[in-house]
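J.: following is a predicted model, sequence given first.
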Amino acid sequence: MSETDLFLFDTGQRTDVGRVRDHNEDAYLARPDAGLWVVADGMGGHAAGDFASLAITGELGQIGVPGSLDDLQARVFERLGRATMAIRSRSQALGGATVGATLVALLLYEDEFACLWAGDSRVYLMRGGTLFRLTEDHTEVQALLNAGAITEAEARTWPRRNVITRAIGVTDLPECERSSGRVEAGDLFILCSDGLTGHIEDNEIEQMAKAPRSAQALCDELVALTLERGAHDNVTAVAVRCHPAPVLD
């Protein structure tokens with residue numbers, strides 16, 4: 001449990017290689033002292049995807065302690081820029097192979113939050129018994145859905161449903177989308193890679209998140225259910241529950 005002036009953060013995290021893959025290209029970071037939590041899902045196979053995700057979490061792990069939400073975001077982008085250069089250098093060393101990673105980051109400072117993302121890893125917010133998805137997948141199938149070209153039912157079996165349209169390391173500069181809001185006592189944030197959402201529907205996540213359990217227990221159960229259902233990909237979950245900080249006399 002980590003503490004700020006306004007909130008106590010109960011954090012949990014779990015990652016697993018899954019039932020099919022032979023190595024884990026997912027990586028996560030939990031820095032409650034800095035108000036930063038991250039999930040990165042690498043692409044590019046051996047010596048590439050895992051390098052990309054670890055480059056991102058490694059750089060962000062050195063972010064320091066911010067003085068505001070804007071400062072935290074600036075620090076994140078500066079570190080993502082460094083990770084991008086390292087990933088692109090690895091791509092060149094591999095003969096121009098595609099190397100990169102999806103990213104989802106939760107930034108918390110006092111009573112403000114921001115989500116930054118590129119790709120199809122997600123952030124959810126559980127508030128007042130309702131689950132809200134704070135991110136929209138950067139995928140071909142999501143673009144088709146937004147255009148009204150296919151239905152939700154068609155999207156579930158679309159042959160290119162896993163093709164992403166944005167990732168860290170595939171462009172010269174990191175390109176992230178952002179959403180933001182205010183933090184309320186009792187908020188529960190859930191970050192995950194698409195290895196989890198490929199097997200668990202949003203309404204199921206909502207039901208699991210309603211139960212009174214620690215953030216770690218929730219992550220353990222989400223990953224366990226994914227493994228039970230076959231876990232065709234690596235799977236990672238990070239959860240952050242925001243409790244009100246005690247009032248000091």
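T.: That came in fine, so what should we check first?

J.: which is the next helix or strand following the host helix or strand of residue 143?
T.: Taking DSSP states H and E as the definition, residue 143 sits inside helix 140-146. Using DSSP H and E, the next helix or strand after helix 140-146 towards the C-terminus is helix 152-156.

J.: elements contacting the host helix or strand of residue 103?
T.: Using DSSP H and E, residue 103 falls within strand 100-109. With contacts defined as 3 or more C-beta pairs under 8 Å, 6 or more residues apart in numbering; DSSP states H and E, the packing partners of strand 100-109 are strand 36-43, helix 49-60, helix 69-93, strand 112-118, strand 122-127, strand 188-192, strand 235-244. Every C-beta, even on glycine, is put in place using the N, C-alpha and C of the backbone.

J.: tell me which of the ones you listed sits most buried.
T.: Mean neighbours per residue, mean count of other C-beta atoms under 10 Å, is largest over the helices and strands packed on strand 100-109 for strand 36-43, with a mean of 27.

J.: what is it packed up against?
T.: In terms of contacts (3+ C-beta pairs under 8 Å, 6+ apart), strand 36-43 is packed against strand 26-31, helix 49-60, strand 100-109, strand 188-192, strand 235-244.

J.: partner strands of it and their direction?
T.: strand 26-31 (antiparallel), strand 100-109 (antiparallel) (DSSP bridges).

J.: tell me the mean pLDDT over the first one?
T.: To tie it back to what came earlier, the one meant is strand 26-31. The average pLDDT for strand 26-31 rounds to 97.

J.: ok, now stretch 220-240?
T.: 97.

J.: distance between the ends of that stretch?
T.: Taking C-alpha to C-alpha, to the nearest Å, stretch 220-240 runs 13 Å from one end to the other.
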